[in-house]
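how does the following fold in three dimensions:
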Amino acid sequence: MTLQQKAIRALEEIGAVLHTALPEQIEAMASPIQDARRIALYGVGREGLMIRSLAMRLYHLGLDASVVGDMTAPPLGSGDLLIVSAGPGQFSTVQALMETAGSAGATTLCVTAEPDGQAPRSADHVIHLPAQTMASDSAPSSILPMGSLFEATQFIFFELLVMHLRDRMGLSAETMRSNHTNLE
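So this is what the prediction gives:
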């Protein structure tokens with residue numbers, strides 16, 4: 001298989017996951033985000049990188065969004081939202097953060113490939129992206145290695161979510177750009 005054929009296959013796989021998730025999962029994630037006073041986001045490994053990219057875009061939309069673990073992440077309470085990524089359905093840190101946020105009165109949302117996992121079962125909202133993760137790659141169904149299909153799908157899904165939120169909020173691309181840092 002040539003590199004071009006591999007690229008086409010990878011894009012087809014991402015498209016197939018998105019086809020099953022859109023538009024329902026976008027809507028299911030957009031409403032809790034818009035309803036939240038503050039939003040904290042958390043993920044581990046490469047999923048954490050995708051979550052960080054979403055946090056940045058939510059900030060560009062003018063929302064009060066931060067990444068758990070950053071020095072400026074505020075405490076969560078009633079009216080707030082914790083968004084976590086748990087592709088394989090369980091990470092001990094994700095579970096602990098969800099319990100802490102829930103005990104403080106915050107709403108929790110879990111993005112996952114395994115909706116029957118412990119973390120999604122304990123979340124208030126579950127976003128299901130049915131893609132291969134690192135935990136499910138022993139019998140690979142994706143041309144992409146390890147959990148890359150889930151992570152690549154997350155990135156595109158999150159960008160589509162942001163465009164949807166931008167439209168729902170009546171914002172322009174220029175408004176988003178005005179929230180971008182000038183310290184680069």
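
which parts of this protein are strands?
39-42, 65-67, 81-85, 107-112, 125-128 (DSSP state E).

rebuild the ones you listed as CSV, extending it with mean neighbour count.
Quick note: C-beta positions are derived from backbone N, CA and C, even for glycine. Output for the strands of the chain, formatted as CSV (neighbours: other C-beta atoms under 10 Å):
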stretch, mean neighbour count
strand 39-42, 24
strand 65-67, 19
strand 81-85, 27
strand 107-112, 26
strand 125-128, 20
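
let's have the ones you listed in JSON lines, adding mean pLDDT and distance to Phe91.
Formatted as JSON lines, the strands of the chain follow (pLDDT from 0 to 100; distance: least, C-beta to C-beta, whole Å):
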{"stretch": "strand 39-42", "mean pLDDT": "98", "distance to Phe91": "9"}
{"stretch": "strand 65-67", "mean pLDDT": "98", "distance to Phe91": "16"}
{"stretch": "strand 81-85", "mean pLDDT": "98", "distance to Phe91": "8"}
{"stretch": "strand 107-112", "mean pLDDT": "98", "distance to Phe91": "10"}
{"stretch": "strand 125-128", "mean pLDDT": "98", "distance to Phe91": "15"}
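
got the ones you listed as a markdown table, with distance to Arg52 columns?
Below are those laid out as a markdown table (distance: least, C-beta to C-beta, whole Å):
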| stretch | distance to Arg52 |
| --- | --- |
| strand 39-42 | 7 |
| strand 65-67 | 6 |
| strand 81-85 | 10 |
| strand 107-112 | 13 |
| strand 125-128 | 17 |
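
out of the ones you listed, which is closest to Gly147?
strand 81-85 (10.5 Å; C-beta to C-beta).

please give me every residue in contact with Leu161.
Residues in contact with Leu161 (C-beta atoms under 8 Å, 6 or more residues apart in numbering) are Ile26, Met29, Ala30, Ile33, Leu54.
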